[in-house]
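> Quick check, what structure comes out for this input:
(2 chains)
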Amino acid sequence: MKRSRAIIRNESLRKYIMPPVDMYETPDSYILFLDMPGVTKENLNIKVVGDSLVVRGKFDLPVSKGDEMLLNEIAKGEYVREFVLSGDIDRDKIDAKLTNGVLVLKLGKSEKSKEIEIKIE
Amino acid sequence: MALIKWSPVRDLAAEIFDLQREINRMFDRFFRGFEEDEEVRLATWNPRVDLSETDDEYIVRAEVPGVSKDDIKVTIKDNVLTISGEKKQEKETKNENFHRIERVYGSFSRTLVLPGAVKVDKVEAKFKDGVLTIKLPKVEEAKAKEIEVKVG
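Numbering: from 1, shown residues only, chains lettered A, B, ... in the order given. Just a heads-up that it's a prediction; the model follows:
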């Protein structure tokens, strides 16, 4: 018991951060917003692996060695979040945009799963 | 409707951290409800902040993702630093079906008492990738001076 507590206190294990996400659905796409402050375009990695969409983003806050941290609330490490893609998403229609630390993912729905209104004759 | 399932790609220890953080957040939200009325609770949030110190300056970093530069206000008065502003919900989503809302919106404010006096006219604030960095140079008196001890 004592040992496992020691592991948890180890700062270096505080590696992964789960970014909060908002998810919306429009008739032809799903839109995801992920808060990932501190991540630059270069450090962001978005991959589709099998059925899942994996978002990873590293960020470094430049803290010099001599600096003394008086307040340390910002979690440091790597953002990781994995989503399982449902069948109605067209893998070729995934757009990503990063602005002000927010990643916006647009997942387009495939043609055949779009909602169609049927007219009554 | 199970479009998205969160599946963890992390080791156990990191997962425990996340859980701990989530639980903390849950308790924070829960108890905040008793202190303030509903409107206030929904309307304000506090960004997370780092404060570090070098020989010459204090550096404050605040996480404010999704806030535009023009919506952030930084003020210093009597050595108290206040960061405030508003995080607006993305326009294109207002009337749409949502599946999940985990992010926070609305006005935010954070107040820090600086540990020492700073040169108010030399303060620099920069905003990049959702992180606000404020550099506050110390006034001469506040700098730590090393005094040599002479052996008489």
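> For burial, what's the neighbour tally of whatever residue of chain B ends up closest to chain A?
Closest approach between chain B and chain A, counting by C-beta to the nearest C-beta: B:G130, at 1.7 Å. Just so you know, the C-beta spots here come from the backbone N, C-alpha and C atoms, and that holds for glycine as well. For B:G130, the number of neighbouring residues by other C-beta atoms under 10 Å in any protein chain shown comes to 24.
> just A:V102 next, same as before
A:V102, neighbours per other C-beta under 10 Å, totals 23.
> Would you mind stating the distance between it and A:D28?
Using C-beta to C-beta, to the nearest Å, A:V102 is found at 22 Å from A:D28.
> returning to what we had before: which residues sit in contact with the residue nearest to the residue of chain B closest to chain A when sequence neighbours are not counted?
Among residues not flanking B:G130 along the chain, A:G101 sits closest, at 1.7 Å (C-beta to C-beta, 6 or more residues apart in numbering or on different chains). For A:G101, the contacting residues are A:D35, A:M36, A:P37, A:G38, A:V39, B:E63, B:V64, B:P65, B:G66, B:D129, B:G130, B:V131, by C-beta atoms under 8 Å, 6 or more residues apart in numbering or on different chains.
> any idea which of these is closest to B:V80?
Top of the list for closeness to B:V80, among the contacts of A:G101 and by C-beta to C-beta, is B:V64 at 18.7 Å.
> roughly how far apart are the closest one and B:R48?
9 Å.
> who's more crowded, those two?
Per other C-beta under 10 Å, whichever of B:V64 and B:R48 has more neighbours is B:V64, with 27 against 15.
> So the more buried one sits against B:S109, correct?
No. Counting by C-beta atoms under 8 Å, B:V64 sits too far from B:S109 to count as a contact (11.1 Å).
> where exactly do the helices run in the chain?
Picking chain A for this. A:2-9 (DSSP state H).
> oops, chain B please
B:12-35, B:38-43.
> what ranges of chain A fall below the confidence cut-off?
A:1-14, A:60-66 (pLDDT under 70).
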